[in-house]
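Novice: the amino acid sequence is not available; the structure is as follows:
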C-alpha cells in the first residue's frame, strides 16, 4: 500500500537530532518516519499500531518507541504528527501537482495543434455536420465530467493517502463516490470524528469506506 516510493532524507539533520538516541531508539524513529512517508499521512496515535509499525514486541523495544514518540511527535486529533514530515510531504505534493499541470498543458497544446492533413474542400463539405456533432459531444462531456473539487476543510494529505490506497486495491472512486465520501466525513465529524483521523484510519487499514474511529481497548 506504498504511496511514496521515496522521500528526501537529510543525514546531517538526522544526526543532529538523534545523536543522543541509542541504537534501539534510532531504529524506532527510522521505522516511524519511513511509515509516515509511505502512508503519505500521519499514522493513528495508537500505541498498539505504532508498536506493530516499528516491529517492537519486547518491552524494551516498546519503551524505545514510547520515548521517541514523546520527543519527536505530537497528537493531532488522534493522529501521530511530525512537523518536518508534514512540511516535506507538502513540498512533494506541490512538486507532483506542478509536474501534472505541466504535462496537462503540454497535452492540451499538442491536441490544439491544427491538422495539416485535412483539405479545405473536405473541411467545408463536413463543416455543418461536424459542428453539430461537436456541440452534442461537448454537451454530453460537460454533463458526464462534472469535475469533483475537494473542499478546503478536508485534509489533503490524508485524503490523498486514502485515494491512493483505494487505487492500489483497484477500487478507484468515481467523482460521485468521492462526493459521497465527503458527505460521510461531514456526518462523522458531527459525531465527533475528525476527518483527518477518519481518512488516516481507512488508509492505514486499507479500507475502501470511511468509518467512525474505533476505540482502542
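Specialist: Sure thing, it's come through. All of these numbers come straight from a predicted model, not from anything done at the bench.

Novice: which residue ranges make up each domain of the protein?
Specialist: Here the domain assignment for the chain is 1-109, 156-205, based on automatic domain parsing.

Novice: longest single helix anywhere in the chain?
Specialist: As assigned by DSSP state H, the longest helix anywhere in the chain is helix 83-112.

Novice: let me see the mean pLDDT of it.
Specialist: Helix 83-112 carries an average pLDDT of 78.

Novice: quick one: distance of that helix to the chain centre.
Specialist: Helix 83-112 sits 14 Å away from the centroid of its parent chain (CA atoms, centre = their mean, to the nearest Å).

Novice: now for it, which elements pack on it?
Specialist: Under the contact criterion of 3 or more CB pairs under 8 Å, 6 or more residues apart in numbering; DSSP states H and E, helix 83-112 touches helix 23-39, helix 156-168. Every C-beta, even on glycine, is put in place using the N, C-alpha and C of the backbone.

Novice: show me which positions of the first one end up buried.
Specialist: Buried residues in helix 23-39, counted by 16 or more other CB atoms under 10 Å: 24-29, 31-33, 35-39.

Novice: can you redo the residues you listed as CSV with pLDDT?
Specialist: Below are the buried residues of helix 23-39 laid out as CSV (pLDDT from 0 to 100):
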residue, pLDDT
24, 95
25, 96
26, 94
27, 94
28, 95
29, 95
31, 94
32, 95
33, 93
35, 91
36, 90
37, 88
38, 86
39, 84
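
Novice: ok, so of the residues you listed, who is nearest residue 76?
Specialist: residue 36 (12.3 Å; CB to CB).

Novice: once you drop chain neighbours, what's closest to the most centrally placed residue in the chain?
Specialist: For the chain, residue 160 is the residue whose C-alpha lies nearest the centre (CA atoms, centre = their mean; 2.0 Å). Once flanking residues are discounted, residue 160 sits nearest to residue 40: 6.0 Å by CB to CB, 6 or more residues apart in numbering.
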